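Trainee: Quick one: sequence plus predicted model below, questions after.
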Amino acid sequence: MRILLTNDDGVDAEGLAALERIARALSDDVWTVAPQEEQSGKGRGITLTEPLRVNRLGERKFAVTGTPTDCVVLAFNGLLPGKPDLVLSGVNRGHNVGEDCSYSGTVGGALQGMAFGVRSIALSQSLERFHDEVTAHWETAETYAPPIISRLLAQTWEPGVIMNLNFPARPPEEVTEVEVTTQGFRKVGEMHAVRRTDMRGRDYYWMAFRGEKQDHAPGTDLRAMDEGRISVTPLHIDLTHMSSVHELKKVLGGAPPKAVAG
């Protein structure tokens, strides 16, 4: 089984090293194509207005001056000797749950693998708090990811689906359960902009997470992280809200409405 690895934390990230160890527990045909620099929050961003550079770091390892999506596209278009059988994206430093999934580069890399018709999995390791001094429990992802992935690959997946794995901020011995979850949503937006002033008196803005404690609905990926369970969420790229489609057809079906005279 040929496995392609990518991430959004960059080619030198600890999580990518953990992912390489996870992949080697599953196969000896492992290839890495990852961003040269951190690309967190880039979602499915793709580079269209400037060239991409590729640096070969080893026989089966490449760094790309672009996004996770760029990395997967290049991997499928010549960097690998053939199409991979599985794409693994991560292991992200910090969980990707709830609305995080819509802008996560980790999830974006997996979605691009899915777009090429290959089963793809995003992996993330939750943190007690997001700070440079906090060390992630990479050993938790490394302990449980290989057997979970093996079980997932033994199943039939619906077309257009990726699997989003999130591991709680606990050591392996404190994790007692795997839960198949739905994507949750926070009550208020986590993202906000902090305004600061530079040395020349000009305002600039820094995007940040509020990190406010909330109660999350049972059965969601957010609740699983809160309570220390491994979360496995099947995601797909179709953003259509079907109940709204049915309601809108009642008022907008058929010939287009004429403008009302003012």
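Mentor: It's in.

Trainee: which residue packs closest to Arg44, ignoring adjacent ones?
Mentor: The shortest distance from Arg44 to any residue other than its chain neighbours is 4.2 Å, reached at Gly108 (CB to CB, 6 or more residues apart in numbering). For glycine as for every other residue, the C-beta is placed from the backbone atoms N, C-alpha and C.

Trainee: ok, now Ala13?
Mentor: Using CB to CB, 6+ apart, the closest residue to Ala13 is Asn7 (6.0 Å).

Trainee: try Trp206
Mentor: Val194 (4.8 Å).

Trainee: those helices in the stretch 1-150 of the chain, which residues are they?
Mentor: 14-24, 68-74, 105-115, 138-153 (DSSP state H, counting those that start in this stretch).

Trainee: Output these in a markdown table; the columns should cover mean pLDDT.
Mentor: Shown next, in a markdown table, are the helices of the stretch 1-150 of the chain (pLDDT from 0 to 100):
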| stretch | mean pLDDT |
| --- | --- |
| helix 14-24 | 98 |
| helix 68-74 | 98 |
| helix 105-115 | 98 |
| helix 138-153 | 98 |
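
Trainee: With distance to Gly41 and mean neighbour count as extra columns, can I get the ones you listed in TSV?
Mentor: Listed next are those as TSV, based on distance: least, CB to CB, whole Å; neighbours: other CB atoms under 10 Å:
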stretch	distance to Gly41	mean neighbour count
helix 14-24	15	20
helix 68-74	11	26
helix 105-115	7	27
helix 138-153	21	18
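
Trainee: a markdown table for those, including distance to Ala208?
Mentor: Converted to a markdown table, the helices of the stretch 1-150 of the chain look like this (distance: least, CB to CB, whole Å):
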| stretch | distance to Ala208 |
| --- | --- |
| helix 14-24 | 21 |
| helix 68-74 | 22 |
| helix 105-115 | 17 |
| helix 138-153 | 25 |
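
Trainee: between those, which gets nearest to Tyr205?
Mentor: helix 105-115 (20.5 Å; CB to CB).

Trainee: for the helix or strand of the chain with the lowest mean pLDDT, packing partners?
Mentor: Lowest mean confidence among the helices and strands of the chain (mean pLDDT, DSSP states H and E): strand 203-209, at a mean of 84. When contacts are defined as 3 or more CB pairs under 8 Å, 6 or more residues apart in numbering; DSSP states H and E, strand 203-209 sits against strand 191-197.

Trainee: So for the strand it packs on, mean pLDDT?
Mentor: For strand 191-197, the mean pLDDT works out to 86.

Trainee: Just checking: what are the partner strands of it?
Mentor: strand 203-209 (antiparallel) (DSSP bridges).

Trainee: Run through who's touching the strand it pairs with.
Mentor: 41, 130, 190-198 (CB atoms under 8 Å, 6 or more residues apart in numbering).

Trainee: Turn the residues you listed into TSV, including neighbour count.
Mentor: Listed next are those as TSV, based on neighbours: other CB atoms under 10 Å:
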residue	neighbour count
Gly41	14
Phe130	13
Glu190	14
Met191	12
His192	12
Ala193	10
Val194	9
Arg195	8
Arg196	10
Thr197	9
Asp198	8
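
Trainee: quick one: the residue most central in space within the chain from Asp8, how far?
Mentor: For the chain, the residue sitting closest to the mean C-alpha position, by CA atoms, centre = their mean, is Val107 at 2.2 Å. Taking CB to CB, to the nearest Å as the measure, Val107 falls 9 Å from Asp8.

Trainee: again with Gly228
Mentor: 25 Å.

Trainee: can you state the direction angle for the one helix or strand Val232 maps to and helix 105-115?
Mentor: Element membership for Val232 (DSSP states H and E) is strand 230-236. Counting by axes from the mean of the first three to the mean of the last three CA atoms, to 10 degrees, strand 230-236 points 50 degrees away from the direction of helix 105-115.
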